[in-house]
Structure formats: structure tokens, C-alpha cells
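> Turn this into a model:
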Amino acid sequence: MIDIKHLKTISTLKETGSLVNTARELFLTQSALSHQIKDLENKLDCQLFERKTQPVRFTPQGMLLLELASEILPRVEATKCRLKESLNQPISQLRLSVECHACFHWLLPTIKEFNNFWPDIKVDYERGFSYDAIPDLMEDELDLVLTSDIREPDKLEYAHLFDFKLKLIVAPDHELAKKAYVTALDLKDETIISYPIPKERQDIFKHFIQNARFDGTLKTVDQGLLIFQLVSAGMGVAALPDWLVTPYESQGLIKSIPLGALGLNRPMYLAMKKNMKDNPVYRHFLNTCKINNGR
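So this is what the prediction gives:
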């Protein structure tokens, strides 16, 4: 009754957020996609998501189907990869580096799940975080890099994983906590707490404050937990991905505010050499990242 194509469709709809983008991603006409979904809903005798919402909002029945998709699709992909063991040189390890401190929140469970299917392939992330790992990828010292910035696009493949919102976090009693959104001017005299990344590579400066005047202080710390503790104590503000912010905000420890009226959206990519983009092991790691990114 429920086919793999149905699970892929519902999973893609969750990922893209709209029927238009889902049809494009699956190389279907919108009419064919609508017919496929309607046929599935008729078979299951339930509605899977609410129409005319952006992004689409899934019903409880739709969420159950999404849970099934998250369990089944990675296993299907892994089995397909194993059946394709036509690799010229078997891969024994993937050397990974991350240009995003906050990614470890979902990356470590991703690696664990990947190794459940590929126990003989070691994911080496001993290098951990690097604010500029692309040169090492170019020099064959790394195999994969998680990054939000595209560099050397002619030589490297950048597989899009997901988009995320960068949110400003402040103490609940901070004067900015009452604002619907903040502007660059609002941050002019603030103490901004961040991971130890060069100012010119930080999203809040590169894509939000940009050329606006900043007379405040930049304070760097190594640990994400310490950032939240300092912000909660009113010792500064910070800009972090929404997936990392939510658990702390739900406890009332901090308040998050959109950066700008429309918010600040940033992409996350998995960078690799172009000749590896169709490798089944790389593709499986890519798909596992997409499913387990905590979004």
C-alpha cells in the first residue's frame, strides 16, 4: 500500500516545504505530484498535510508517515550502495572537517548512524572544527567538509544539505528581547559572543552587520554551552543556528530574535571533490546528514 516513492515524496515535501519545490526536486509535473499524493491519501483514508500553508504543515497522520520515511529511506539507500560495490578502490575511511561549531549537535548522531550501515568505514573527524578547511580538501588531506561558504566551485562539488535561520540570542531581560526583530544599528554597541572564528568569516558580520558601524566588543569562547551561559547572564549577545537555540529558549534561559525583518537564512553544504559526487558511500553519508540534521 505504501511504496518507497510515497516515502520519498513525503520526505522531500518536508525538506522543501512546498509542492512546487517538491515537484521540481523529484522531476515531476505538479499535476502528477498532486495525483500521487491524493492517491496515497485515498488509500490511507486520511489527510497528510494542510493545503495552502507555507511551508506545508503536516497532520499527525503525516508526521507518522514522515517517521516511517526517516527509518526506511536510509536503509534503502544503504542497501543500494552495498549492492553497487563496483568501486575501483574500496573506501576505508572518510576524513571530515567542520567549519561550523554548532554542527556537532547533529553531526555525531549522523556519524553513528552512518557507521551502523558501514561498520568497516571509519569516519575520521579528529581534525574537528576548522574555520578554513577547504584548502585541505583541495590538497587531498580531507575528503569532506561541512561549510556554509562556497569557495573554488569549479574544482569542488557543494551538495546542499539544508537551510537554517541564524537567530540573535539575548538574556530574557535584555532591552532587545522585546523587539520583533533587530537591525544592524541595534547591535552597534553590543558585546557579541562567538566561537573563535575570524570576524570576516562570521555570518553575523559578513551577512548582517556588513558595512554598518560596530563600536561594540567581540568576545570569543570555545564552548557552545559557555556562550549560552554568558548570554543568559546578560554578559553579551550571540548569533547561533535555530536548531541549537530552541532547547535553551524553551527552558526560558534566553530569548531569540530574528536578524532583520525577514530573518537571516544561511545554507549548509557538504563539500567534496567533484569526482566523488556520485560515489555511493559519499552519497549515503550525504543523505544521512540530510535526515539527521535536527531540523
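> all contacts plus neighbour counts: C-alpha atoms, from now on.
OK.
> ok, now which ones touch Cys100?
Cys100 makes contact with Phe129, Ser130, Tyr131, Leu146, Thr147, Ser148, according to C-alpha atoms under 8 Å, 6 or more residues apart in numbering.
> Which one of those residues is nearest to Ala78?
Closest approach between the contacts of Cys100 and Ala78, by C-alpha to C-alpha: Leu146, at 21.1 Å.
> For that closest one, give the beta-bridge partners.
Beta-bridge partners recorded for Leu146 (DSSP bridges): Val98, Leu270.
> Give me the longest strand you can find in this structure.
The longest strand of the chain (DSSP state E) is strand 156-170.
> Show residues contacting the next helix or strand after that one.
Tracing the chain C-terminally past strand 156-170 and defining elements by DSSP states H and E, one meets strand 191-194 next. Residues from elsewhere that reach strand 191-194 (C-alpha under 8 Å, 6+ apart): 216-221, 227, 231, 235-239.
> Now the helix or strand following strand 191-194: average pLDDT?
As assigned by DSSP H and E, the chain's next helix or strand after strand 191-194 is helix 203. What helix 203 shows for mean pLDDT is 92.
> Now find how far off-centre helix 203 is within its chain.
Remark: helix 203 is offset 15 Å from the chain centroid, using C-alpha atoms, centre = their mean, to the nearest Å.
> Can you list the strands that the helix or strand following that helix pairs with?
Going down the chain from helix 203, the next helix or strand is strand 217-220, by DSSP H and E. Under the criterion DSSP bridges, strand 217-220 sits next to strand 191-194 (parallel) in its sheet.
> And what about Ile37, helix, strand or coil?
Following DSSP: H, G, I helix; E, B strand; the rest coil, Ile37 is assigned to helix.
> Spit out the contact partners of it.
The contact partners of Ile37, by C-alpha under 8 Å, 6+ apart, come to His6.
> so Phe58 sits right up against Glu50, yeah?
Yes - at 6.2 Å, Phe58 counts as touching Glu50 under the criterion of C-alpha atoms under 8 Å.
> Compare neighbour counts for the two and give me the winner.
A count of neighbours by other C-alpha atoms under 10 Å puts Phe58 above the other of Phe58 and Glu50, at 20 against 13.
> CA atoms only: put stretch 164-174 into PDB for me.
Only the C-alpha atoms of stretch 164-174 are listed here, as PDB (Å, rounded to 0.1, in the frame of the first residue of the first chain):
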ATOM      1  CA  PHE A 164      18.900  27.300   8.600                       C
ATOM      2  CA  LYS A 165      18.000  30.600  10.300                       C
ATOM      3  CA  LEU A 166      20.600  32.400  12.200                       C
ATOM      4  CA  LYS A 167      19.000  33.900  15.400                       C
ATOM      5  CA  LEU A 168      20.200  36.500  17.800                       C
ATOM      6  CA  ILE A 169      20.000  35.300  21.400                       C
ATOM      7  CA  VAL A 170      19.800  37.700  24.400                       C
ATOM      8  CA  ALA A 171      19.000  37.400  28.100                       C
ATOM      9  CA  PRO A 172      15.300  37.400  28.700                       C
ATOM     10  CA  ASP A 173      15.500  40.800  30.400                       C
ATOM     11  CA  HIS A 174      17.700  42.400  27.800                       C
END
